[in-house]
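In: Build me a model:
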Amino acid sequence: MMKRRDFLATSLVVSSVAAGATLDADALAATTNRQTDIKPEYYELRLYHLRRGAKQKMADDFFGKVTLPAMKRAGVGPVGFFNVMIGPDSPTLYMLITHKSMESFATAAARVSADAEYRKEGANFLSAPATDPTYVRAESSLMIAFPGMPKLEVPAAAAGNKPRLFELRIYESHNKAANKKKIEMFDIGETAIFRRTGLQPVFFGETLIGSKLPNLTYMLTFPDMATRDKNWSAFVADPEWKKLSATPGFTDPEIVSNISSVFLRPTSYSEI
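Out: Model (predicted):
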């Protein structure tokens with residue numbers, strides 16, 4: 001039976017989502033269903049700001065040996081785990097969780113917390129005292145997949161944990177209309193140019209809940225940094241990209257106010 005505090009926590013999540021993001025999410029999901037008959041996934045991106053030293057190994061064991069198995073038992077996934085390669089706030093563990101529905105997102109934390117094996121195996125991490133915490137702070141955001149790419153694509157290199165790196169990029173806009181226009185730009189042509197020039201996407205998400213709103217977030221994967229630089233150069237020089245990015249309504253000054261990125265390495269247990 002779900003504990004009262006878990007029930008209350010889940011209720012608060014559902015209420016918060018209903019009060020804010022669900023109108024946009026439901027409208028976009030309905031549009032996607034009409035266009036492709038594929039329901040869009042939801043992505044939760046968690047950042048765990050870790051402490052240097054022995055606690056890093058403790059966190060790695062907890063997420064790989066306790067959290068991931070519990071999420072699989074709860075029917076959540078695939079789940080990606082990444083460490084910062086180039087970017088701010090290192091060490092930080094990035095955790096990308098794939099949800100098939102908004103209900104999955106709203107109830108996943110309670111379902112995992114109710115898992116007896118999770119509580120038992122993760123007791124040391126979960127019950128660390130304030131004088132010796134296992135991590136500094138956690139933050140999260142919720143996204144819905146773009147209509148043009150409603151499902152996350154796990155890189156082939158994830159099988160056997162082959163070498164790969166990831167680039168996570170956030171595009172901020174000055175208002176929601178501009179944010180929607182940038183999403184449209186990806187769906188009508190930019191994503192196709194990405195693929196043709198070797199920029200392999202993992203997911204595209206419209207951020208519903210999080211910081212720096214309104215924004216969209218996406219992830220690309222490469223075998224190495226040299227390939228990344230080569231393929232981005234090919235994209236920037238592409239004639240179709242030059243034409244699309246110069247089209248009135250789709251130019252950067254009109255719809256993008258800031259771009260930030262971080263480079264990530266997958267952990268040995270990441271499913272992505």
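In: can you give me the strands in the protein?
Out: For the chain, the strands defined by DSSP state E cover 42-50, 79-86, 92-99, 135-145, 165-172, 200-209, 215-222, 258-266.
In: where exactly do the helices run in this protein?
Out: Remark: helices assigned in the chain by DSSP state H are 4-19, 22-36, 54-61, 68-73, 102-113, 116-121, 123-126, 176-185, 191-196, 225-237, 239-245, 252-255.
In: Is it possible to get CSV of the ones you listed that adds distance to residue 92 and mean pLDDT?
Out: C-betas here are computed from N, CA, C, even on glycine. Below are the helices of the chain laid out as CSV (distance: least, C-beta to C-beta, whole Å; pLDDT from 0 to 100):
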stretch, distance to residue 92, mean pLDDT
helix 4-19, 23, 41
helix 22-36, 27, 47
helix 54-61, 11, 92
helix 68-73, 18, 97
helix 102-113, 20, 95
helix 116-121, 22, 96
helix 123-126, 17, 94
helix 176-185, 25, 98
helix 191-196, 26, 98
helix 225-237, 20, 98
helix 239-245, 32, 98
helix 252-255, 28, 97
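In: From residue 114, how far off is residue 158?
Out: Note on residue 158: its distance to residue 114, by C-beta to C-beta, to the nearest Å, is 29 Å.
In: likewise residue 84?
Out: Separation of residue 84 from residue 114 (C-beta to C-beta) stands at 31 Å.
In: more neighbours, these two?
Out: Neighbours per residue (other C-beta atoms under 10 Å) separate residue 84 from residue 114, with residue 84 holding more: 19 against 16.
In: Please state the offset of stretch 175-193 from the chain centre?
Out: Relative to its chain's centre, stretch 175-193 lies at 18 Å (C-alpha atoms, centre = their mean, to the nearest Å).
In: now do stretch 114-124
Out: Centroid separation for stretch 114-124 versus its chain: 25 Å, with C-alpha atoms, centre = their mean.
In: Give me the residues contacting it.
Out: 2-3, 6, 58, 62, 65-67, 69-70, 73-74, 112-113, 126 (C-beta atoms under 8 Å, 6 or more residues apart in numbering).
In: what does stretch 54-74 give?
Out: Contacts for stretch 54-74 (C-beta under 8 Å, 6+ apart): 48, 50, 77, 79, 81, 91, 93, 95, 97, 108, 111-112, 115, 117-118, 121-122, 124-125, 134-135, 267-269, 271.
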